Each structure stands twice: as structure tokens, then as C-alpha cells.
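Asker: This is a predicted model, with the sequence first.
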There are 4 protein chains.
Amino acid sequence: MKVGVLGATGMVGQRFLQLLENHPVFEVSALAASSRSAGKKYVEAVDWYLDTPLPKDLAEVEVERCEPGMDADLVFSALPSDVAGEVEPRFAEEGHLVASNASALRMEGDVPLVVPEVNPDHLSLVDDQRRNRGWDGFVVTNPNCSSIILALGVAPLRDLGVEEVRVSTMQAVSGAGYGGVPGMAILDNVVPRIGGEEEKVETEIRKIMGSVEGGGVSEAGFTVSARCNRVPVVDGHLESVWVALEEAVSVGDVEEAYDSFEGEPQRLGLPTAPDEPVLLRGEEDRPQPRLDRNAGNGMTVTVGRPRIKGGELSFTVLGHNTVRGAAGASVLNAELLVETLL
Amino acid sequence: MKVGVLGATGMVGQRFLQLLENHPVFEVSALAASSRSAGKKYVEAVDWYLDTPLPKDLAEVEVERCEPGMDADLVFSALPSDVAGEVEPRFAEEGHLVASNASALRMEGDVPLVVPEVNPDHLSLVDDQRRNRGWDGFVVTNPNCSSIILALGVAPLRDLGVEEVRVSTMQAVSGAGYGGVPGMAILDNVVPRIGGEEEKVETEIRKIMGSVEGGGVSEAGFTVSARCNRVPVVDGHLESVWVALEEAVSVGDVEEAYDSFEGEPQRLGLPTAPDEPVLLRGEEDRPQPRLDRNAGNGMTVTVGRPRIKGGELSFTVLGHNTVRGAAGASVLNAELLVETLL
Amino acid sequence: MKVGVLGATGMVGQRFLQLLENHPVFEVSALAASSRSAGKKYVEAVDWYLDTPLPKDLAEVEVERCEPGMDADLVFSALPSDVAGEVEPRFAEEGHLVASNASALRMEGDVPLVVPEVNPDHLSLVDDQRRNRGWDGFVVTNPNCSSIILALGVAPLRDLGVEEVRVSTMQAVSGAGYGGVPGMAILDNVVPRIGGEEEKVETEIRKIMGSVEGGGVSEAGFTVSARCNRVPVVDGHLESVWVALEEAVSVGDVEEAYDSFEGEPQRLGLPTAPDEPVLLRGEEDRPQPRLDRNAGNGMTVTVGRPRIKGGELSFTVLGHNTVRGAAGASVLNAELLVETLL
Amino acid sequence: MKVGVLGATGMVGQRFLQLLENHPVFEVSALAASSRSAGKKYVEAVDWYLDTPLPKDLAEVEVERCEPGMDADLVFSALPSDVAGEVEPRFAEEGHLVASNASALRMEGDVPLVVPEVNPDHLSLVDDQRRNRGWDGFVVTNPNCSSIILALGVAPLRDLGVEEVRVSTMQAVSGAGYGGVPGMAILDNVVPRIGGEEEKVETEIRKIMGSVEGGGVSEAGFTVSARCNRVPVVDGHLESVWVALEEAVSVGDVEEAYDSFEGEPQRLGLPTAPDEPVLLRGEEDRPQPRLDRNAGNGMTVTVGRPRIKGGELSFTVLGHNTVRGAAGASVLNAELLVETLL
């Protein structure tokens, strides 16, 4: 299947190309970016920042403008939110399937916000979406990086009755885009705020863990309170999480919940699905960003140090923010929709 | 008043000497350290790591063993906990006043665990301590660095009815001692565990905010749950805090509570007391370790971003871990006891 | 004397205000910046990034445009080079004295490029400058940060016959301005290039160490080869330096050269002059940016580890790049010219 | 061929196991370490710090003491130098082939110090070594990490007549072992000294680039002067290098020298040999540790920014210090000796 990448020169765009190299189903046939890059060869338009080489067969591809009609059945979107809100609907209208990492449409009622291991059934909303909007194609979105990692850390606990979630994040600088966090802001420092992030975490997870009802999503009932911090780490978001549960649980119960967790992508054997979507490690000092972010090729989320204190569970969860939390999330969504919808 | 410093060569020991240089009340008359250093000149025994010079008049002082009888009325203790548990009682027995940063005796019933702005009245326990133990001197302790910073962040809310506290710390490497955190462990990384730290935070703040009753402390009734993380920052602990309050409050109520907070050291004009023990900043992206750790010469704790979500207050608090959280805490305790007990 | 600061909101501009607070001779009477800031109160126009507070009496000052006629006898310039090249001559023409940190005019024949301890006599060029250009005022410049630090490291060796200089710099991110080096570029990384920096170092030091002849400077005859690297350090440039000398020297000779070095600012007792402009430390592992950058309030350059290998001297030198290497350099130049020219 | 690893629990030891996993020629059959680890299962003895998993088939292997007689034809040595000097000769005497990364025997006359792309012919010294010492086996060593990277950067220039080499290194913390550089020493800092490193660089490269004559090595005639610095980087040593050449050269000549460089391991197709042992990149801001250290699976050394200034060449070179500069170097040496000697 021919795929295009919108926003191909940015950090998430580069991750898309890295993950799609040698992909068994998707073949990158078009690259698009802003007008500043359009018309140039990709190798000239991009500041490639990954430590694997720029895929050779894409170096000479001419970057296009983000306009529908490109030679691609499905497009991955790594566009900035304001651009995505205008561009993605036009692609869907013209019949493209859009797997988007942008936040613009995530919270719209008929747009699926999907983490394949958590709420694969939400994909069914695309029928409503096409009908409502008269589109030939459709848009499927994945959550914000911090929300995905949190959702995967919390989902295995669903049967224990999640009532309240509190999370303090320690997020890597790659999440802000290449120039998003100045070195002067982050060396020997932590910045206790990431604009808009707390609101995204607090709302998105309730939609992800909600249920599809009548052409929309009935959000999960638990409350979420987030405090988001930027730390001097290149890749990998770490989160301290408290989850108040309906049931009184032991650490053993929690370990069993994680160990027995299975996901639809694993059952379907999707190409980008890691063997273990959520890995509970036993060491006292794990997960750590530098050691665990690449687990499962960056698609495994790692949980550690579950504790019960005052009857409440807390744990630490980590995931690779630009792989599982962004480009890899969109690719897995696309694999799921190709496998189940087409 | 002549003072000695036990553990004078370590990181907290050096901070003691930095803070005591040109002190109006205390004059450093004796330096003590382990047998490895004893007998050497201080300048030869120490790897001075601070960016202010080693105080000139101390360079040639001969380092002693940590034995009672040294030429000092009061001794500051920056000893490791296991050594402190054995040495500090011997100094107190022999009539020295001991202001200790070590954890060994903190939770003993008749030993005051004091943050001067929070529980200055706990100093009265020293009478019980002397009587119980038949000591000529006594020991006063200050809490762990993370506990002090948290206590100062929470104390102004006391009248609003604190019911539950959750805290996720982001702690600087200086808190572990010079060699405590390898560069390999912390560059481009976060370590989600600090041995023993969570237990200290969870117990100490309940003693600090408790009340003196019948020769001991009746601990505060609220629950505390802590998750402690080490981040690549040199100095300054940052903490994300949730406080469940009895009363429904607005952000304005919280701001007023902070703005009206006053401490006994400020009323008494103690030399090391900062003008503002707890400073609430209005910027969205503060406090930050590198920008705010030196506020009030490292003695001011900075609070930022109070939010109400789901009826619950959360905020961020920061303090300098080896000044307000260690050496400065002991010095302020000593100033308080000199002013009020002697 | 009333002084203004051009480019007052940037990183060097902020250092100017920090250094001029409570200055015995200069009183800040005007702040100027780009049109984006002009008309705002300083506190609203600036993102204050230093760990000392914004000077209180400047917070409410209205920021002006960079136009001659402002209420200031002398102006300090922290302007970007392209702006400086156009603006500084206009200020000088209108009678202002200009002490500039910008590179625009540094290499002009009749513009003094001064490090007060190295070539104070170059100030005499201002007479030629005024005559040549018909200006009422004049412009005095200081070198690039890396050049100043190198010049102070090399100047004490002048009598030993400097023939060749090679330098590999390890420069702090603050030298690039607040947003100049993305966190993504510098965390866990070194960037082996700083645009234009090598050329500045290679040319400026030859002018500084040259001699005034016939209304211009006859450059020093030695060759200079520089390689400039950016490292993950907040403040403080470290440089590995090789100096080929005419004379065969011992390490003892070199130590004596440093120990006997004296500067005109020290003889004159200028307010910003450090006691020791160049401090040779004896420890094997010094100088280090974090420990030594604040020596002499940031105005002392520290040298360490002189070695003779193959008959050639090498050493390490460090200085605070935004104090001694920028704002402090201009202030010291201004103090020198006020003391000697007016 | 069965191989053992001496010092298997340390940082270089772990790299050995990572590189030997799935190796086509070598099969790890024995793991040895200090007495503290001996007798434990490997998974219990080691703090695995790499971001790839501990090889599964080694987890349960019992760690042995470093004693000859272990079940291995060839042993890789990642021992500390003082231990290596005593242990390695005993293994060689008992008939083991020893490929050592330790410095103990590197400079002995009859011990080959080999970088396979630079001086593969030096392996012939093992005949003299066995004869001289009456050993059944022999020891082959590889240089210090900084020396290997420098040697690969300089070797392509050999035909241009190398006369003098000056190098300023910026070395990663992994080179010092896991606990070798405290976080407090290196965060926001550079340390301008690495004990013993400058001497190793200055002597080893002259042996590597020397010629085998009469059962020993006649060292290369050029002088080398090194200054070694530690920077806050996890992996990857960067070096600023000046090379004075006999011939007057252009940048084009230098580029051609690098482009035409070929190595014996590449001709032989050794399993660990990278396609390009020395890669000259054209970008102005490369090589960079984080982006280039993993080139060629960590075995390619990257050169950038060749400049001619004052008739002298300078450039920047980078290599992965624990792969090409340590474990990978020993493995490639072993592959070369198996291919050419056995």
C-alpha cells in the first residue's frame, strides 16, 4: 500500500520514515512538508537528526506541498496542530485514509482516538465519520505521547476499577520538536510546565478508555490530574502515576494484571506490534529512559516499582515518546485499520 | 559561640563551612572527619567542590577525629547516618549541643525534628530528651532534604485542613554525596528510585506537622505517598505535589495562604533566615532548579503553578537541597535554639 | 555617569544590567532593544534568565528603540552584529561613547579592540577614529568571548616569544544566545563547529596583541589556528591551547610568567577589575567550568596544567563567557576609558 | 571457536557479550570476573547497563574466577590493567590466545598493538613473543580508546608524511567505567584531565604506526602532544586534531586520502569489520557523538571539517569508545588473527 508522510522533515516525520523503511505492507511513495521545503529533494530539505542513516531511496524524492491528490492511499500526518486542522479533513474528503499524530481532530466525537492495545474497537467510528461528513476517506488519530504511555500503563488495571489517576511526567526534549526546548532552558534544569500538555493528558485518556456509544464515545468516569515537567533527557517520557482503584489490591494482584495483559495487535501479529506492549520489570530502579526507551524497538512501554501506600497503587511508567508516543503509534493504528477495516 | 563541624570534608560539610563564613554568632573552631582525614590540614583532606573559595582561615586547620571534647560548644553534624547514630549521642552526653542533618535520631520520640518556620515549638522536647537520657547536652535534628522542601510547601496550607499528600520528586545529584550518582547513571536519564527516600518523606513530614504532647510528638493525621526520582540536575530538588484539603478552595485562597505565611525565624530576625521562607511565583514555568535554587541565598523555597483539578490542589515546589535542605537547615535550627533556649 | 544598554533584553544585555547594579561610576539611565520590545516596560519585555533577581529599579523602565539621543553619555552595546554595524556609528556620530561587545566594527583599523590587561594603549586609536570619521563620540570594542579568554591566557607569555597558537575550544551554550543551541542539539552531544567563531579567534587575537602604529594596529606576527566546539555546559568556555615559543622554556618559567603578570586595570583599581586577571591553579584537574567560571566574580581567567611536550607548551584556560567574555569585558573597557581618556 | 571473556561484568565486558551475540565464528563458552562475582550466575553478578537485553543464553552461566584452564580457546580481556599484567601472561603460557583491551602489555616489545586497518602486519610479532617467552599461546592487544580513534583518523594521511600530531580530546564518561566519573563531576562541566590518558595517546600511536623490525617495533618518528578532556557525553570520543605534514596539501588532497583508504579487515570481509572504517562526512557540523557514534554498528570512525590553516591540516574525528575503542577493537583483532595466523 502506497503511503505518504505529511510533515516529513520534522522530528516525528523522520521517525515515520525510519519506522517505515523495509515495512512489509507500507511503501513510502510521497513526502510532503511546508512550502519552505516543497520542491527540494528530501535530503536537501531535511536536517536528519536520527542516528540511523536517512533511507537511501528517499534521499532524492522531491518534497511536495501538503495537498490532497498525492500518490498515496494512506497518509501519515506529523503536521503541527493548526495546519493539521485545515489539511487533514481535505485529505479525508478526497478519499485518503489519514493516520494522524496531530492533536487537531483527536477530541472530535466521530474521530477515533486509538491505542491499538487499549481501544481497537473505537475504529468503528470511521463509519459514522464518513457518513456525518460525506468523506470518501477518513481520519484516525493517536493520542499525545504522554497520554499513550499513561494509557498503556493504566489499561491493564481496568478490571480493578480505576477511580482516580494522578500523574507527574518527566518528559524528554524531543517531544517539543528539534528547536522546541533551548539548551539554555534545560541544561542542569527542569521546566515544570509544558504548554497544553496537562489538558491533553487529562482529557485524552478518558476518551481512550471510554466506550463507543451511538456514533460517539462515552468517556470513562474517572478523574485525571496531571503535572507535566520537561527534563534533560533526549528521548523517553517517564511518569510517576497514582491510581485509586475500587478494589483493595495487593502488589501481587497488580503484577498479575500486567502479566496477563494482551493486546489486539499482538493477537493479529501486526508488523510494528511489540511482543510485549506493557512490560513490568522487577528491578527497584527501573524503568529508566536511557535503558528502557528502546525496548521492543521503542514500542514497548515499561512499568516498574508498583507500590501500595494508604490503600492506593502507584507505579512508574516509561515509553519512547517519538516512537510509541508518536510515529510508531500512527503506524500501528494504520496497520490495525488495514487489517480490520479494509 | 564556638562551633565544630562533624563530617567536614563531605558535600554537606563544605556547605556548612560556606554558610558559616562570616557568621555573626557562630565561629568555626573545630573540624572533624573520618580517620582517613584526621591529622591532615583541612585543605589537604578535602576535595573542595563549591564554586566559592575554601574559607582561608580554615585551610590550615587540622582535621580531628569525631570525638567529644573538641573545642566547640555546639557541633553541626553532616555525618553518615550509621556513624551519626553512634557518635551524636556521645557528643550530647558530654554536654555539646548537636544540630544534626543526619537521619539516625530524627524519628526518636524525644528528639526534635524541626523546620523553624513550621514547628519551632518542637524544640521544647530537648528538656525531655535531657531528662530521659541524663545528657548534659542534646540533639536537635532537621529533616531529609525532600521532606523539608515539601514541609515548607505544605505548611502554609495547614489551616485549610490537609488530608492527603502525594508527591513525585525530581531530585538533584548533590543529594547523594559527591560520588553517589555515577555520571553513567544520570546523563540523558532519570532514575526512578532513591533508596530509603520515600519512607523518609512519608514519615518525617507527619512528625514535623504533628503536635508536642506528653514529651513526644503526636503525628499529623494525613497520609503521605511519595515517589522519588533522580534527575540530571546539580543542585535543587523539584517536587510535583497534590494536597487533598478538607475545605473546598480556590486558587485565590491558596495564593492568600502562601502570601500570608510567616515564620518564627523571620520574626526573630535570625541571621540565616531568608526574608521570604516560601515564595509563590506567578509565572507559568517556575520554579526551575537552575533559576530559583539560590533564592534567598538558597534558603527560600519557591512554589509555583497552583492548580485545582477535580477539587484537589496541586502545585510545584523547589528548594536548594544542600542549603535549605541540609546545612542551612541545621544552621537555622542552631540559630533558633540559641535565640530561644539559651 | 549615565549609561544606556543597547540590546538590553538578550542574554548579554541582562548580564550588563546585573554587572551595572550598584556600580560606583555608571548609572543605568536608558534601556533599548528591538522594535518588538520598544514601548514596553522592561519587566514585560524581558525573559529574565539569570539566577539573581532583575534589578528592581529597572523593572518599570520603558524600553526605547536603539536611536541616538537617548539619555546616556555612554552606551553599552549587546546588539547583534548586523544591527550594530548600522547603529553604533550613528550613536558615536551623535556624541555618545560606545563600548561594544558586537563584532561589527572590531577589525576596523581605527577602532580599538581592547582587553584592558593586554592592550590598554590601543585606546589611543579613538583620537584617530574621531578625526577620520568626524564623530563627536567614538566606539571601543572588546573581542569575541573565546578570543578574550585566549588572549588573557597567552598574554603573560608574550615576553617568551609567541610564534604559533593552536586552540581547541569547548564552549558553553550561553554564548549562542538563549535560543541559539537547541536542547536536542546539545544533550549527550558535542557540536564541532560554531559558525564564524574560528575566524574571529584567528584574527582578533593578532590585533589585540599587535602594536599601535600610525593610526592603526600592526598585527602580531604569530599564526593562530582554532577549532571551536560546543559542549553541554551552561556558562564558561574551556580551551586546550598549544603555544610554540621562541625560547626553550620549563614549566617553572611558565608558572613564573603567569604569577608575575599584572594588568593596568588592577594598577588603576578599576571597579570591575578582579584581583587576579589570570589565575594559575596548581591542581591537575582544573580549571573546570562549573567550579572556576565565577572566580573573581566571573572576571578572572583560570589557567591550569601547563605541560611541555616536544619542546612546546600547552595548557588549559577557562573564563566566564558572558561576564569576562562579553558584558564584563565592555564594562571594564568603559571603566578604563573613563579613567584614562576623560 | 570457543571464547571466554575476562572481566565480563564491567562496561567493556558487557560490550564484548553484546558484540559476540550471534557471532559467526566465536561462541561464548566462559565468563570470568573478580572473586566478588565468581560463583554467581551472570545475571546476578552483573548490573547490565546496555539498552539491548542481556543475551539470554548467558544469563544463567556461572561466573568463574580468572584462571587459565577455562573452557575457551581464545579469551577476550577487559581486565583492569593491574590485574591484566598478572593474569594475561598466565593464560598465554597455558596455551590460550588472548585478545586484550587492557593496557598492561601494550608497550612490551614483542606484544602486537594492533588496529587491523592500520598495522595488521604487526601480528607477526606473536612468533617472537612465543619464542621469547616459551608460551603455548600469545597475547595480542589493542590500543586505548582515544589512541585507536586518533590512529584511524591519521592513518589515511600516512603517505602525505606525518610530522607532528596535536590532539585535544572530548571523551565520553563510559570510558572511565560505570562509576568512574561522578555525576557531580560532569554535569554542566568539563574535566580537563584523564589520568594517564595523555601519555597513552602520545606513545601508543607511535608504536601502531611504526614498523616491525627484528622482532620488535621501530616507532614512527613524528611527535604527538595530547590534551585529554572529559565531557558530559555517554558514549563517543570526539577529538580536535592538528597534523603537520611534510607535503603541502589542499583540502582536496586530504579528502582523496580519506576516500581511498582501505583496510585489510574489509578486504578479508571480517565479520565485525564495517564497510567503511573511516568515513569522511561533508557537513560542516559533523561528526557529533550522539549522531555518529553508532555508524557502522559503532565500528566506523567519522572524520569531519578538514581545514588547512597556516599550511597545516586540522580535522575532527569521532569514534565509539567502548565499541571501536575497546570491545569491538579486540573482537576485530581476534577475527584478524584467526583468519591470518591459524
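Answerer: Ah, there it is.
Asker: Let me see the domain layout of chain A.
Answerer: Split into domains by automatic domain parsing, chain A comes to A:2-143+A:326-340, A:145-320.
Asker: For residue C:341, find the nearest of the ones you listed.
Answerer: domain A:145-320 (36.0 Å; C-beta to C-beta). Heads up, the C-betas are built off the backbone N, CA and C, glycines and all.
Asker: can you give me the offset of that closest one from its chain's centre?
Answerer: How far domain A:145-320 lies from its chain's middle: 11 Å, per C-alpha atoms, centre = their mean, to the nearest Å.
Asker: ditto for stretch A:107-119
Answerer: Taking C-alpha atoms, centre = their mean, one finds stretch A:107-119 lying 11 Å from the centre of the chain it belongs to.
Asker: Switch the domains of chain A over to TSV; also include distance to chain B, mean pLDDT and mean neighbour count.
Answerer: Shown next, in TSV, are the domains of chain A (distance: least, C-beta to the nearest C-beta, whole Å; pLDDT from 0 to 100; neighbours: other C-beta atoms under 10 Å in any protein chain shown):
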stretch	distance to chain B	mean pLDDT	mean neighbour count
domain A:2-143+A:326-340	13	97	20
domain A:145-320	4	97	21
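Asker: Chain D: which of those domains is closest?
Answerer: Set against chain D and scored by C-beta to the nearest C-beta, those come closest in domain A:145-320, at 4.3 Å.
Asker: so residue A:329 sits in a helix?
Answerer: Yes: under DSSP: H, G, I helix; E, B strand; the rest coil, residue A:329 sits within a helix.
Asker: List the contacts of it.
Answerer: A:101, A:115, A:142, A:143, A:148 (C-beta atoms under 8 Å, 6 or more residues apart in numbering or on different chains).
Asker: which of those residues sit farthest apart?
Answerer: Maximum pairwise distance among these (C-beta to C-beta): 12.4 Å, between A:101 and A:115.
Asker: any shared contact partners between those two?
Answerer: A:142, A:329.
Asker: Does stretch A:292-304 reach chain D?
Answerer: Yes: using C-beta under 8 Å from any C-beta of the partner chain, stretch A:292-304 comes into contact with chain D via A:292, A:293, A:294.
Asker: Could you give the backbone dihedrals for residue A:318?
Answerer: phi -140, psi 140 (degrees, to the nearest 10).
Asker: thought it was touching residue A:240?
Answerer: No: counting by C-beta atoms under 8 Å, residue A:318 sits too far from residue A:240 to count as a contact (10.6 Å).
Asker: Now render the domains of chain A as CSV, adding distance to residue B:220.
Answerer: Putting the domains of chain A into CSV (distance: least, C-beta to C-beta, whole Å) gives the following:
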stretch, distance to residue B:220
domain A:2-143+A:326-340, 39
domain A:145-320, 14
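Asker: what's the closest of those domains to residue C:133?
Answerer: Short answer: domain A:145-320, nearest of the domains of chain A by C-beta to C-beta, at 37.2 Å.
Asker: Quote the end-to-end distance of the closest one.
Answerer: 8 Å (C-alpha to C-alpha, to the nearest Å).
Asker: Equivalent analysis for stretch A:171-183, please.
Answerer: One end of stretch A:171-183 sits 15 Å from the other (C-alpha to C-alpha).
Asker: In three-state terms, label residue A:212 for me.
Answerer: strand.
Asker: which residues of chain A fall in helices?
Answerer: A:11-20, A:42-45, A:81-93, A:125-133, A:145-154, A:183-186, A:197-208, A:251-259, A:264-268, A:289-292, A:328-340 (DSSP state H).
Asker: nearest residue to residue A:313 other than its sequence neighbours?
Answerer: residue A:243 (5.0 Å; C-beta to C-beta, 6 or more residues apart in numbering or on different chains).
Asker: Do I have it right that the one you found meets residue A:157?
Answerer: Yes: the pair residue A:243 / residue A:157 is scored as a contact, 6.0 Å apart, by C-beta under 8 Å.
Asker: now, which of the contacts of residue A:329 lie within strands?
Answerer: Of the positions in these, not one sits in strands, assigned by DSSP state E.
Asker: Check the spacing between residue A:250 and residue A:241 real quick.
Answerer: Residue A:250 is 18 Å from residue A:241, where distance means C-beta to C-beta, to the nearest Å.
Asker: same question, residue A:334
Answerer: 28 Å.
Asker: follow-up on the earlier one: so which of the domains of chain A comes closest to residue C:215?
Answerer: domain A:145-320 (41.3 Å).
Asker: Not counting sequence-adjacent ones, nearest residue to residue A:85?
Answerer: Using C-beta to C-beta, 6+ apart, the closest residue to residue A:85 is residue A:104 (3.6 Å).
Asker: show me what contacts the one you found?
Answerer: Going by C-beta under 8 Å, 6+ apart, the list of residues near residue A:104 reads A:81, A:82, A:84, A:85, A:88.
Asker: Please tell me how far the nearest residue to the second one once chain neighbours are set aside sits from residue A:284.
Answerer: If I follow you right, that is residue A:82. Spatially, and ignoring its direct neighbours in sequence, residue A:82 is nearest to residue A:104 (7.4 Å; C-beta to C-beta, 6+ apart). Counting by C-beta to C-beta, the separation of residue A:104 from residue A:284 is 41 Å.
Asker: what does residue A:243 give?
Answerer: Distance, residue A:243 to residue A:284, by C-beta to C-beta: 20 Å.
Asker: ditto for residue A:53
Answerer: 38 Å.
Asker: Likewise for residue A:165?
Answerer: Distance from residue A:165 to residue A:284, by C-beta to C-beta: 23 Å.
Asker: Same check on residue A:37?
Answerer: 47 Å.
Asker: same deal with residue A:138?
Answerer: Distance from residue A:138 to residue A:284, by C-beta to C-beta: 46 Å.
Asker: What of residue A:133?
Answerer: 51 Å.
Asker: Could you do residue A:203 as well?
Answerer: The gap separating residue A:203 from residue A:284 is 33 Å, by C-beta to C-beta.
Asker: what's the answer for residue A:267, then?
Answerer: 32 Å.
Asker: Chain C contacts on chain A?
Answerer: A:11, A:49, A:173-174, A:178-188, A:232-234.
Asker: Alpha carbons of stretch A:26-45, in PDB - could you do that?
Answerer: The C-alpha trace of stretch A:26-45 is given here as PDB (Å, rounded to 0.1, in the frame of the first residue of the first chain):
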ATOM      1  CA  PHE A  26       3.500   0.200   3.500                       C
ATOM      2  CA  GLU A  27       5.700   1.700   0.900                       C
ATOM      3  CA  VAL A  28       6.600   5.400   1.100                       C
ATOM      4  CA  SER A  29       5.600   7.000  -2.200                       C
ATOM      5  CA  ALA A  30       5.300  10.600  -1.300                       C
ATOM      6  CA  LEU A  31       6.800  13.100   1.100                       C
ATOM      7  CA  ALA A  32       5.200  16.500   1.900                       C
ATOM      8  CA  ALA A  33       6.200  19.400   4.000                       C
ATOM      9  CA  SER A  34       5.800  23.200   4.300                       C
ATOM     10  CA  SER A  35       6.200  25.500   1.300                       C
ATOM     11  CA  ARG A  36       9.700  26.200   2.600                       C
ATOM     12  CA  SER A  37      10.700  22.600   1.800                       C
ATOM     13  CA  ALA A  38       8.400  21.900  -1.200                       C
ATOM     14  CA  GLY A  39      10.200  21.500  -4.500                       C
ATOM     15  CA  LYS A  40      13.500  20.400  -2.900                       C
ATOM     16  CA  LYS A  41      15.000  17.000  -2.700                       C
ATOM     17  CA  TYR A  42      14.300  15.400   0.600                       C
ATOM     18  CA  VAL A  43      18.000  15.200   1.500                       C
ATOM     19  CA  GLU A  44      18.300  18.900   1.000                       C
ATOM     20  CA  ALA A  45      15.100  19.900   2.800                       C
END
